[in-house]
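Asks: Would you be able to build a 3D model of this:
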Amino acid sequence: MSNSSEIPSFVLAAYGNVGELKYLYFSMILPWYLSICVANTLVIAIIYVDKGLHEPMYILLCNLCVNEIGASTTLYPLLLSQMLSESHEVSLPWCFVQMFCLYTSVSIEFCSLAAMAYDRYMSICYPLHYHTVMSTGRVFMIILFVWVYSVLNFVLLFSFILGLKFCGNIIDKVFCDHQLMIQLACSVSVINHVSDILFILLTLWIPFAFILASYLKILVVCFNTSKENKQKAITTCLPQIVSVSNLFVGCIFHFVDSRIEAAQVPDKVRVLLSVYLIVCQPMITPFMYGFNLPKVKTSFQRFVFHKK
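Replies: Model (predicted):
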């Protein structure tokens with residue numbers, strides 16, 4: 001029986017045989033990746049340069065943009081190299097590294113959005129206590145907690161697959177996937193399935209419940225306030241609601257694709273659904289959160305076009 005150390009690499013079979021189209025796909029994917037990096041870096045630079053944006057909401061936004069760049073860099077360079085490759089093989093250590101970065105970034109994304117929801121909750125529901133509760137030191141402690149919590153989530157998940165023995169090395173995706181690796185194991189214990197459920201609970205459902213609770217409380221307060229304050233609250237919260245909704249839908253696509261046999265779904269559609277989260281979310285953050293916010297938009301015009 002083969003063990004994990006005897007399988008030096010995994011084959012990412014979802015690339016298939018695209019033939020000469022690989023150059024077309026490469027020329028489409030590379031500009032998209034560069035656009036993600038440029039857009040998110042620009043938001044970070046604007047927030048860093050403009051001292052007026054050194055507020056909790058924008059600091060948390062900056063953290064979110066850093067995560068978008070990191071998550072995209074984990075996927076796209078390998079995806080681009082695999083697109084031009086004939087073998088589509090990925091070494092076992094790199095597979096674990098990619099999983100660590102991708103899964104941790106998803107957890108950071110959800111937890112960061114939960115932190116931003118809490119920030120909006122304090123700002124709208126308790127404006128008099130806002131600057132006391134959401135001090136700069138407190139915000140950086142929240143960001144540190146988000147990253148540590150997310151890393152520990154994956155360490156917990158990783159501990160259950162580290163000693164698995166694999167009887168196959170074909171992963172039907174364009175990136176290394178935890179659940180598909182479990183399916184390649186020679187034998188899987190109940191604890192592996194429990195760890196998967198636990199990871200989903202810690203990564204998705206707990207942050208999502210926190211986000212939902214925050215916005216429900218904001219909604220209650222908005223019903224009992226002036227029309228002007230309602231409009232302001234909606235304008236502030238709408239980008240977050242859009243981002244959370246997109247993130248949740250992307251996660252559903254990923255988890256369903258990894259766990260349900262979708263024989264009736266064309267392979268190309270399945271590939272698109274599996275990478276939907278990493279393709280769309282990194283662009284939603286800078287444009288829905290960043291350039292859509294009035295203060296950031298004004299600062300962007302000064303920063304890029306030197307407008308007063």
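Asks: and stretch 159-169, how far out from the chain's middle?
Replies: In this view, stretch 159-169 has its centroid 25 Å away from the chain centroid, taken as Cα atoms, centre = their mean, to the nearest Å.
Asks: where does the stretch 151-300 of the chain have low pLDDT?
Replies: Within the stretch 151-300 of the chain, the ranges that satisfy pLDDT under 70 run 188-189, 191-192, 229-230, 232-233, 236, 257-268, 270.
Asks: Would you point out which residue is most central in this structure?
Replies: Val106 (3.7 Å; Cα atoms, centre = their mean).
Asks: Hmm, Ile278 and that residue touching each other?
Replies: No: using Cβ atoms under 8 Å as the test, Val106 is too far from Ile278 to be in contact (9.1 Å). The C-beta positions use only the backbone N, C-alpha and C, and glycine is treated the same way.
Asks: What distance do you get for the residue nearest to the centre of the chain to Leu157?
Replies: According to Cβ to Cβ, to the nearest Å, Val106 and Leu157 sit 11 Å apart.
Asks: ranges for the helices of this structure?
Replies: Counting by DSSP state H, the chain has helices at residues 21-49, 56-84, 92-125, 130-133, 136-161, 178-183, 190-200, 206-223, 227-259, 267-284, 294-305.
Asks: Need these in TSV (columns: distance to Gly168).
Replies: Converted to TSV, the helices of the chain look like this (distance: least, Cβ to Cβ, whole Å):
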stretch	distance to Gly168
helix 21-49	25
helix 56-84	19
helix 92-125	13
helix 130-133	52
helix 136-161	14
helix 178-183	8
helix 190-200	16
helix 206-223	33
helix 227-259	15
helix 267-284	18
helix 294-305	48
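Asks: Ok, which of those helices comes nearest Ser9?
Replies: For the helices of the chain, distance to Ser9 was read as Cβ to Cβ. The smallest value, 6.3 Å, belongs to helix 92-125.
Asks: The closest one to helix 267-284, inter-axis angle?
Replies: 50 degrees (axes from the mean of the first three to the mean of the last three Cα atoms, to 10 degrees).
Asks: Helix 92-125 - what's its average pLDDT?
Replies: On average, the pLDDT along helix 92-125 is 90.
Asks: cool, and stretch 60-67?
Replies: Here the average pLDDT along stretch 60-67 is 94.
Asks: Identify all contacting residues around that stretch.
Replies: 40-41, 43-44, 47-48, 105, 108-109, 112-113, 115-116, 119, 139, 142-143, 146, 285-286, 289-290 (Cβ atoms under 8 Å, 6 or more residues apart in numbering).
Asks: PyMOL command for the buried members of the residues you listed?
Replies: Restricted to buried positions by 16 or more other Cβ atoms under 10 Å, the PyMOL selection for the contacts of stretch 60-67 reads:
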select buried, resi 40+43+44+47+105+108+109+112+113+115+116+119+139+142+143+146+285+286+289+290
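Asks: Leu12: which of the helices of the chain is closest?
Replies: Closest to Leu12 of the helices of the chain is helix 56-84 (Cβ to Cβ; 6.1 Å).
Asks: quick one: buried residues of that closest one?
Replies: 56-72, 74-76, 78-79, 82-83.
Asks: Equivalent analysis for stretch 111-127, please.
Replies: Those would be 111-125, for stretch 111-127 by 16+ other Cβ under 10 Å.
Asks: now it: how far from the chain's centre is it?
Replies: Taking mean C-alpha positions (Cα atoms, centre = their mean), stretch 111-127 and its chain are 19 Å apart.
Asks: And stretch 217-226, by the same measure?
Replies: What separates the centre of stretch 217-226 from the centre of its chain is 30 Å, taken as Cα atoms, centre = their mean.
Asks: Please save the CA atoms from it in CSV.
Replies: Once non-C-alpha atoms are left out, stretch 217-226 reads as follows in CSV (Å, rounded to 0.1, in the frame of the first residue of the first chain):
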residue,chain,number,x,y,z
LYS,A,217,-29.0,44.9,14.8
ILE,A,218,-28.1,47.7,12.4
LEU,A,219,-31.3,47.1,10.6
VAL,A,220,-33.3,47.4,13.8
VAL,A,221,-31.6,50.7,14.6
CYS,A,222,-32.2,52.1,11.1
PHE,A,223,-35.9,51.5,11.4
ASN,A,224,-36.0,53.8,14.4
THR,A,225,-34.0,56.7,12.9
SER,A,226,-34.3,59.5,10.4
